[in-house]
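Student: Next come a sequence and a model predicted from it.
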Amino acid sequence: MKEFFNEGLKKIGLELDEATVDMLLEYGNLLLDTNKHTNLTAIRDEKTMYEKHFLDSLLLQNKIPCGVKKAMDIGTGAGFPGMVLAIANPHINFTLMDSVSKKTKFLEMVAEKLNLSNVEVVNMRAEDYIKLEDKRETYDLGLCRGVSKFNVILEYMVPFLKVGATFLAQKMDYQEELEYSKNAFEILNSKIVKVDELKLPFCEDARYIFEIKKMAETDKKYPRRAGIPLKRPL
Ligand SMILES: C[S@@+](CC[C@H](N)C(=O)[O-])C[C@H]1O[C@@H](n2cnc3c(N)ncnc32)[C@H](O)[C@@H]1O
């Protein structure tokens with residue numbers, strides 16, 4: 001599997017040292033093992049898992065702006081893209097958040113087994129976490145894959161970001177949602193500065209990475225209470 005993974009890295013133009021690759025494969029083995037009894041991901045084939053979860057997450061590696069110290073992954077699930085990027089970037093502190101406890105328990109186990117000191121796992125909804133502690137506008141980087149449409153994920157993410165921070169959102173397609181998300185971008189003072197179309201290394205499925213910049217402070221009324229951003233998107 002290491003050979004396959006290294007070939008994938010090469011195809012996406014990324015070099016990681018051997019110790020990092022070994023840690024990623026150890027995380028992969030923990031996911032495969034845990035997934036036998038606890039449903040964490042629908043992808044069960046090993047190679048597909050490395051391509052569609054691990055290598056897909058690593059498509060973001062070269063897009064991380066310089067100087068990032070704190071990153072937030074909302075709806076990280078079994079750790080994508082946040083846990084993969086935390087392993088590849090030990091100098092950045094990652095908050096990996098998910099509202100489903102079997103997923104965050106798994107991530108805590110991974111962080112412990114791999115001895116990761118740059119990972120904080122949070123079992124909460126984004127709309128609640130931001131109110132519990134003073135987390136507003138403290139993150140340099142936002143990450144979110146497969147959670148919802150722009151008009152929902154912007155309301156979850158943007159309040160956590162510092163003014164000027166970047167939100168790297170991953171999408172498999174996006175055309176329609178851009179139209180009906182214009183309002184959310186405006187209300188949350190955010191704009192798309194770049195869209196990259198990339199391909200997964202083996203199956204060549206298209207993937208899009210949106211680089212979104214937060215331009216100004218977020219009104220304190222956002223996010224609205226838990227569940228409302230999804231029920232009544234901006
Ligand atoms: C389809 S999964 C995607 C998981 C992962 N990001 C990936 O791409 O494999 C969406 C995840 O978002 C979580 N989620 C949805 N809304 C959330 C919220 N408001 N706060 C925290 N987690 C949320 C769900 O529990 C679920 O695990």
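Tutor: Ah, there it is. Numbers count the residues shown, from 1 in each chain.
Student: hey, let's count contacts and neighbours off CA atoms from now on
Tutor: OK.
Student: mind checking how far Glu217 is from Ser101?
Tutor: For Glu217, the distance to Ser101 (C-alpha to C-alpha, to the nearest Å) stands at 31 Å.
Student: more neighbours, those two?
Tutor: More crowded of Glu217 and Ser101, by other C-alpha atoms under 10 Å: Glu217, with 17 against 14.
Student: Next, the contact list for that one, please.
Tutor: Taking C-alpha atoms under 8 Å, 6 or more residues apart in numbering, we find Glu217 in contact with Glu137, Lys162, Val163, Asn189.
Student: would you turn those into CSV with pLDDT and distance to Lys69?
Tutor: Shown next, in CSV, are these (pLDDT from 0 to 100; distance: C-alpha to C-alpha, whole Å):
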residue, pLDDT, distance to Lys69
Glu137, 97, 13
Lys162, 98, 12
Val163, 98, 14
Asn189, 98, 22
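Student: Tell me how many other residues crowd the residue nearest to Val122 when sequence neighbours are not counted.
Tutor: The shortest distance from Val122 to any non-neighbouring residue, by C-alpha to C-alpha, 6 or more residues apart in numbering, is to Met97 (4.7 Å). Using other C-alpha under 10 Å, Met97 is surrounded by 26 other residues.
Student: tell me the contacts of Met97?
Tutor: Met72, Asp73, Ile74, Gly75, Thr76, Thr104, Val121, Val122, Asn123, Met124, Arg125, Ala126.
Student: Pairing partners for it in the sheet, please.
Tutor: Met97 has these beta-bridge partners by DSSP bridges: Ile74, Val122.
Student: how close does it sit to Leu198?
Tutor: According to C-alpha to C-alpha, Met97 and Leu198 sit 26 Å apart.
Student: How about this protein, which of its residues are in the neighbourhood of the ligand?
Tutor: Residues of the chain found near the ligand (C-alpha under 6 Å from any ligand atom) are 74-77, 80, 97-100, 124-126, 145-147.
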